[in-house]
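following is a predicted model, sequence given first.
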Amino acid sequence: MKKLYNTITIKVERLIPVVFLLLVIASCSNSNVTSDFGITLDAVIKKNDSIHTYYTTDGSINFNEKNSFWTKVKGDKKNQTIVINFPSKVVPNQFRLDLGANVHQDNIVLNKLECVYKGKIVELKGKEIYKLLRVDESNTILDKNLGVLKRMDSTNKNGPSLYPNGDFLRKKLEELTSAKKD
């Protein structure tokens, strides 16, 4: 009987560190949980690059570095889905996308943009995108028919940028993120 007791005690002693390790891993993985809000792009970005996303939660367009983050993009000559996950507990009502820090980036083709919140989606295709977003005319040339965004000055480090178009984006995001059911 004592041998059985010793065997069980040894197994329990070995199990305690394993359980502790699993708890640590589980708590660490929860610290990086993204919010319920995200943006999905269907785009052609040919070279490796990063998208700088700015956001506000007060309805303004006073974008700043504090309320921004980067999303890396692996270049591809074909359409790709790019997922931009917002930080935990952030539900923006305005956002801006700077689509390229790589000065060697070719033209970017933006086919579709989706805003996703708790399973609800606002999908914008082609010209519809530019009803809610506008280009920064100081550094971006847009061909709406083809969805092509081009850096105005190929030596400028600032790539094509999309800003809220008036109040249209804010209204659409508030509609998407409101508690009302469809």
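Structure received.

show me where pLDDT drops low in the chain?
Low-confidence segments of the chain (pLDDT under 70): 1-34, 180-182.

for it, just list every one of the strands.
With strands called from DSSP state E, the chain shows them at 37-44, 49-56, 68-73, 80-85, 94-98, 108-117, 120-125, 133-135, 140-143, 148-151, 161-164.

wait, Asn93 sits on Lys172?
No: between Asn93 and Lys172 there is no contact under C-beta atoms under 8 Å: 9.5 Å. In this view, the C-beta of every residue, glycine as well, is placed from N, C-alpha and C.

middle-most residue in the protein, spatially?
Ile84 (1.5 Å; C-alpha atoms, centre = their mean).

ok, now how distant is it from Ser50?
Computed as C-beta to C-beta, to the nearest Å, the Ile84 to Ser50 distance reads 11 Å.

cool, Ala179 as well?
Counting by C-beta to C-beta - Ala179 and Ser50 are separated by 34 Å.

same check, this time on Glu128
25 Å.

try Ile82
11 Å.

please apply the same query to Ser88.
Separation of Ser88 from Ser50 (C-beta to C-beta): 20 Å.

same check on Ile121?
Taking C-beta to C-beta as the measure, Ile121 falls 24 Å from Ser50.

okay, buried residues for stretch 71-80 please.
By neighbour count with 16 or more other C-beta atoms under 10 Å, stretch 71-80 contains the buried residues 71, 73.
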